[in-house]
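Undergrad: below are the sequence and a predicted model for it; my questions follow.
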Amino acid sequence: MILNRFAKVFSVDILVKASGFILLPVYLKLMTQQEYGLYSYLISIISTFSVFLNFGLYIAQSKLYQDLEHKEKGKLLFTIHITLSLALLPLLLIIYGFKLDYVLLNFLFKNPINYSLYRFPILIAVVTSVYSFMLSNYFLTSERIRYIQRFNFLRLLLVNGLVLLILFFFKGDAVGIRLKYSYMVELSITGVFFYFYIKAMSPSFDRQLAFKSLKLGLPIMASALCDIVINFGDKFFLEKYVGFKELSIYYLAFSGASVIPFFFSTLQNVWLPIFLKEKNLSENLRKTKKMIKRVGILLLLLCIGILVFVKLVLWINLIDNQKYSAVLRLLPIMLLSQAISALTHLLINYVVYFEQTYFTSLVSVCFGCISLVCNLLFIRTYGMYGAAFSLLGINVLQFGVYYLLLKWNVRKRLVV
């Protein structure tokens, strides 16, 4: 059942998420190295803060939807959506109304950019990313596989198709063009499919459900805030110390390695509702062990395939070998790091299962501090290699911590 659902979602979802990597040779022909480095850095900012700005409510949507009876599910969706909107929209109005985003800009960028060109597209991108993610999460949680297939297929076709046409026929700021048109199209598609989300809602706000959702979600939000240091800190310090050209090489390796979380996120989205439905802990442990073994083998094969693909496109000069050859030394480190991170998430699922989401905040604070120190020490001296090895070390340690937490919970709950 898991493989069947995964195949249905994966067949389209992976193409959407990996399209940026698959189409990289085309985009790199239409963008300068400087533009590619800047665009990738901006996308990192948008995606990182979007995860934080959904207030962890996607976890509550996944968890509580499985626990409630049919009539209560519509009320839950309405409550979560209203809670999210009442938290997100006033916050964005304050940030943009008082121009606090300019303060953030001065902190995040050492190299000068024309931010006024990107300000409104970034706002649209953040809002679209938050609601698009919640919509996708709902389709997968409610097991509406056909809807997620259609949603992702239209994103794949229309977003890349329009952006590539405009980049090819019109000269100008490639960064601004990609930001503006990518998210305008995605916002339109999300708006159309949001009809099905709204249709499933029951227009009744439940304070108890809102409180329970926030109780589950806010620790995840706090964790996401700390994860910004881990997942974004490497790009932040690279921008400060090496500039956009070397950052473009790092992002090329990062894009190749990102196929692994893209692949795994599809599997995770299919696996999580089934995992949370299973109330027998022993059975869930058995299934998880089997899943870790099989996913590990798949990730190994995927890593080999990515390395071969990147070496091939550099060899035939589809991607400029002179500018980007260093990516072959960096990519294996980042692939291993992302593979370990993916397997860690199979263990983190138990934090949600046991309703211990507060623990993720504690772990994230600790590793956020460790990551900050590592980036400060190693990136200044070793550049992108220091960033890659720092991230690998953090992911290995995180896997160990969540594995020990799982063993402790199992000992406490099961009589051996």
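TA: Arrived safely.
Undergrad: need the contact list for Asp101.
TA: Ile95, Arg119, Ile122 (C-beta atoms under 8 Å, 6 or more residues apart in numbering). In this view, the C-beta of every residue, glycine as well, is placed from N, C-alpha and C.
Undergrad: how far away is it from Leu307?
TA: 39 Å (C-beta to C-beta, to the nearest Å).
Undergrad: and the contacts of Asp101, which are buried?
TA: Neighbour counting with 16 or more other C-beta atoms under 10 Å marks Ile95, Ile122 as buried within the contacts of Asp101.
Undergrad: what's the neighbour count on Val259?
TA: The local packing of Val259 (other C-beta atoms under 10 Å) involves 22 other residues.
Undergrad: on that earlier part again, of the contacts of Asp101, which belong to helices?
TA: Ile95, Arg119, Ile122 (DSSP state H).
Undergrad: would JSON lines of those with distance to Thr360 be doable?
TA: Shown next, in JSON lines, are these (distance: C-beta to C-beta, whole Å):
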{"residue": "Ile95", "distance to Thr360": "25"}
{"residue": "Arg119", "distance to Thr360": "32"}
{"residue": "Ile122", "distance to Thr360": "27"}
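Undergrad: and of those residues, the nearest to Ile45?
TA: Nearest to Ile45 out of those is Ile122 (C-beta to C-beta; 7.8 Å).
Undergrad: residues contacting the closest one?
TA: Residues in contact with Ile122 (C-beta under 8 Å, 6+ apart) are Leu42, Ile45, Ile46, Asp101, Leu179.
Undergrad: apply 10 Å and report the result again.
TA: Ile122 makes contact with Leu42, Ile43, Ile45, Ile46, Phe49, Tyr96, Asp101, Leu105, Tyr115, Leu179, Lys180, Tyr183, according to C-beta atoms under 10 Å, 6 or more residues apart in numbering.
Undergrad: and for Tyr250?
TA: 37, 40-41, 234-235, 238-239, 242, 326-327, 330, 334, 383-385, 387-388.
Undergrad: give me the element the most centrally placed residue in the chain is part of.
TA: Central residue of the chain (C-alpha atoms, centre = their mean): Ser47, 6.5 Å from the mean position. According to DSSP states H and E, Ser47 maps onto helix 33-53.
Undergrad: can I get the CA coordinates of that helix in PDB?
TA: The C-alpha trace of helix 33-53 is given here as PDB (Å, rounded to 0.1, in the frame of the first residue of the first chain):
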ATOM      1  CA  GLN A  33      27.000  32.700 -12.100                       C
ATOM      2  CA  GLN A  34      26.400  35.800 -10.000                       C
ATOM      3  CA  GLU A  35      22.600  35.800 -10.700                       C
ATOM      4  CA  TYR A  36      22.400  32.100  -9.900                       C
ATOM      5  CA  GLY A  37      24.200  32.500  -6.600                       C
ATOM      6  CA  LEU A  38      21.900  35.500  -5.600                       C
ATOM      7  CA  TYR A  39      18.700  33.700  -6.700                       C
ATOM      8  CA  SER A  40      19.600  30.600  -4.800                       C
ATOM      9  CA  TYR A  41      20.400  32.600  -1.700                       C
ATOM     10  CA  LEU A  42      17.000  34.400  -1.900                       C
ATOM     11  CA  ILE A  43      15.100  31.100  -2.400                       C
ATOM     12  CA  SER A  44      16.900  29.700   0.700                       C
ATOM     13  CA  ILE A  45      15.700  32.700   2.700                       C
ATOM     14  CA  ILE A  46      12.100  32.300   1.400                       C
ATOM     15  CA  SER A  47      11.900  28.500   2.000                       C
ATOM     16  CA  THR A  48      13.600  28.700   5.400                       C
ATOM     17  CA  PHE A  49      11.300  31.400   6.800                       C
ATOM     18  CA  SER A  50       8.200  29.900   5.200                       C
ATOM     19  CA  VAL A  51       8.700  26.700   7.200                       C
ATOM     20  CA  PHE A  52       8.900  28.800  10.400                       C
ATOM     21  CA  LEU A  53       5.900  31.000   9.400                       C
END
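Undergrad: let's have the chain start at 53 instead
TA: Sure, I'll start counting at 53 from here, so that last one is helix 85-105.
Undergrad: how far off centre is it?
TA: Here the centre of helix 85-105 is set off from its chain's centre by 11 Å, with C-alpha atoms, centre = their mean, to the nearest Å.
Undergrad: give me the buried positions along it.
TA: Using 16+ other C-beta under 10 Å as the test for burial, helix 85-105 gives 85-98, 100-105.
Undergrad: tilt between the helix or strand following that helix and helix 85-105?
TA: Later in the chain than helix 85-105, the nearest helix or strand by DSSP H and E is helix 109-119. On the basis of axes from the mean of the first three to the mean of the last three C-alpha atoms, to 10 degrees, helix 109-119 is oriented at 50 degrees to helix 85-105.
Undergrad: for helix 109-119, packing partners?
TA: helix 122-149, helix 167-193, helix 259-293, helix 311-329, helix 379-405 (3 or more C-beta pairs under 10 Å, 6 or more residues apart in numbering; DSSP states H and E).
Undergrad: export it as PDB, just CAs?
TA: The C-alpha coordinates for helix 109-119 follow below in PDB (Å, rounded to 0.1, in the frame of the first residue of the first chain):
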ATOM      1  CA  LEU A 109       0.300  23.800  12.300                       C
ATOM      2  CA  TYR A 110       1.000  21.300   9.500                       C
ATOM      3  CA  ILE A 111       2.000  18.800  12.300                       C
ATOM      4  CA  ALA A 112      -1.300  19.400  14.100                       C
ATOM      5  CA  GLN A 113      -3.200  19.000  10.800                       C
ATOM      6  CA  SER A 114      -1.400  15.600  10.200                       C
ATOM      7  CA  LYS A 115      -1.800  14.300  13.700                       C
ATOM      8  CA  LEU A 116      -5.200  15.500  14.800                       C
ATOM      9  CA  TYR A 117      -6.900  14.700  11.400                       C
ATOM     10  CA  GLN A 118      -6.100  11.100  12.000                       C
ATOM     11  CA  ASP A 119      -7.500  11.100  15.600                       C
END
